[in-house]
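Chemist: For reference, the sequence and a predicted model appear below.
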Amino acid sequence: MNQDTISRIRKFTEDRDWNQFHTPSNLAKSIAIEAGELLECFQWSEEEFDLQHVKEELADVLVYCQGMLDSLGLDVDEIVNMKMDQNEKKYPVEKSRGNSVKYDKLGTWEADI
């Protein structure tokens with residue numbers, strides 16, 4: 001997300017004095033709830049869905065994720081890159097390309113991942 005969008009999200013929340021409700025626990029619940037609503041868009045068909053509704057629900061997830069980042073003082077690039085480092089170890093290209101086998105079945109899992 002660009003800085004203007006992040007600032008807009010923050011201002012929306014601050015203008016309504018909602019930060020008091022945006023605890024990590026409440027935000028995690030909200031992310032899960034909105035992710036469920038996103039999943040509901042595909043409940044009956046993987047091909048026939050309302051793209052506008054998908055965009056709205058995905059935006060809700062992202063807005064709450066930004067709130068969680070702010071609430072915990074986290075940097076999105078830092079935590080995503082940390083996780084990508086872990087994923088690259090768990091799913092090396094030569095073993096995982098073209099299949100969806102979980103990392104513990106690929107023989108790549110290490111206790112420190």
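Modeler: Cool, got the structure. None of these values were measured; they are calculated from a predicted model.

Chemist: for this protein, which helix is longest?
Modeler: If you go by DSSP state H, the chain has its longest helix at helix 51-72.

Chemist: Quick one: mean pLDDT for that helix?
Modeler: For helix 51-72, the per-residue pLDDT values average out at 98.

Chemist: so what secondary structure elements neighbour that helix?
Modeler: Applying 3 or more Cβ pairs under 8 Å, 6 or more residues apart in numbering; DSSP states H and E, one finds that helix 51-72 makes contact with helix 3-15, helix 24-40, helix 76-90. No exception for glycine: its C-beta is placed from N, CA and C like everyone else's.

Chemist: mind putting those helices in a markdown table, mean neighbour count and distance to Leu106 included?
Modeler: Below are those laid out as a markdown table (neighbours: other Cβ atoms under 10 Å; distance: least, Cβ to Cβ, whole Å):
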| stretch | mean neighbour count | distance to Leu106 |
| --- | --- | --- |
| helix 3-15 | 12 | 36 |
| helix 24-40 | 14 | 26 |
| helix 76-90 | 12 | 8 |
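
Chemist: With mean pLDDT and distance to His53 as added columns, please give the ones you listed in CSV.
Modeler: Below are the helices and strands packed on helix 51-72 laid out as CSV (pLDDT from 0 to 100; distance: least, Cβ to Cβ, whole Å):
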stretch, mean pLDDT, distance to His53
helix 3-15, 98, 20
helix 24-40, 98, 9
helix 76-90, 96, 25
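
Chemist: Could you pull up the mean pLDDT of stretch 101-113?
Modeler: Averaging pLDDT along stretch 101-113 yields 70.

Chemist: tell me the domain ranges of this protein?
Modeler: 1-74, 75-113 (automatic domain parsing).

Chemist: distance between the shortest one and the chain's centre?
Modeler: In terms of Cα atoms, centre = their mean, to the nearest Å, the centre of domain 75-113 is set 17 Å apart from its chain centre.

Chemist: Please apply the same query to the first one.
Modeler: Between the mean C-alpha point of domain 1-74 and the mean C-alpha point of its chain there is a distance of 9 Å (Cα atoms, centre = their mean).
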